[in-house]
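Colleague: sequence and predicted structure below; questions after.
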Amino acid sequence: MSNILDQFNQQQLKQNPVVKSGDTVKVHQKIKEGNKERIQIFEGIIIARKHGKGIASTITVRKVIDGVGVERIFPTHSPLIEKIELVSQGKIRRAKLYYLRTTKGKKLKLRKKAFTMAIAPETMETMLAIEEPVKEAVESETKPVVEENKA
């Protein structure tokens, strides 16, 4: 019986980006109003991630609107969640950032993680292929013209 449930749960899992506490995310949620459906975006800092990585996992996202803190708990694998977009990553040392509820002003901002971009081998080859004709054109223009004296 549990094997069938596990298979069903595996089918329902979504491919969301790996997010942790301190990350700033945009959560795109489907909202149904009457017979119309629209997507509402909630952007904020993740202050908690609970219930592991399975079907029941949730994230708590917090943002401040007009001086009032608003928190929403999103089930990460819900069919109502269209996508979770990672905006930036924060450099933190805690798993739960509940202390952000009482902070104000500049202390609310988290330090950002430094990103380094790796270039894939295919990308590097295409960049080199583009640079070679450019170098040849530049070299042909800058070569001094030397005239020999025919005397």
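Modeller: Yes, it's here.
Colleague: quick one: low-confidence ranges for the chain?
Modeller: 114-151 (pLDDT under 70).
Colleague: contacts only, for the residue positioned nearest the centre of it.
Modeller: For the chain, L86 is the residue whose C-alpha lies nearest the centre (C-alpha atoms, centre = their mean; 2.0 Å). Contact partners of L86, counting by C-beta atoms under 8 Å, 6 or more residues apart in numbering, are 17, 19, 23-25. No exception for glycine: its C-beta is placed from N, CA and C like everyone else's.
Colleague: likewise R49?
Modeller: Counted by C-beta under 8 Å, 6+ apart, R49 has contacts 19-21, 57-60, 95.
Colleague: where do the strands sit along this protein?
Modeller: 24-33, 36-50, 58-65, 68-75, 81-88 (DSSP state E).
Colleague: for the longest one, C-alpha coordinates in PDB please.
Modeller: Taking C-alpha atoms only, strand 36-50 is exported to PDB below (Å, rounded to 0.1, in the frame of the first residue of the first chain):
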ATOM      1  CA  LYS A  36     -11.300  33.700 -14.400                       C
ATOM      2  CA  GLU A  37      -7.800  32.500 -13.400                       C
ATOM      3  CA  ARG A  38      -4.800  34.800 -13.000                       C
ATOM      4  CA  ILE A  39      -1.200  34.500 -11.600                       C
ATOM      5  CA  GLN A  40      -0.300  36.600  -8.600                       C
ATOM      6  CA  ILE A  41       3.400  37.100  -7.700                       C
ATOM      7  CA  PHE A  42       4.500  37.200  -4.100                       C
ATOM      8  CA  GLU A  43       8.200  38.300  -3.700                       C
ATOM      9  CA  GLY A  44       9.900  38.100  -0.400                       C
ATOM     10  CA  ILE A  45      12.600  36.400   1.800                       C
ATOM     11  CA  ILE A  46      12.300  32.800   2.800                       C
ATOM     12  CA  ILE A  47      12.400  32.700   6.600                       C
ATOM     13  CA  ALA A  48      11.700  29.000   7.000                       C
ATOM     14  CA  ARG A  49      11.600  25.800   5.100                       C
ATOM     15  CA  LYS A  50       9.800  22.900   6.800                       C
END
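Colleague: list the strands paired with it, with their directions.
Modeller: In the sheet, strand 36-50 lines up against strand 24-33 (antiparallel), strand 58-65 (antiparallel) (DSSP bridges).
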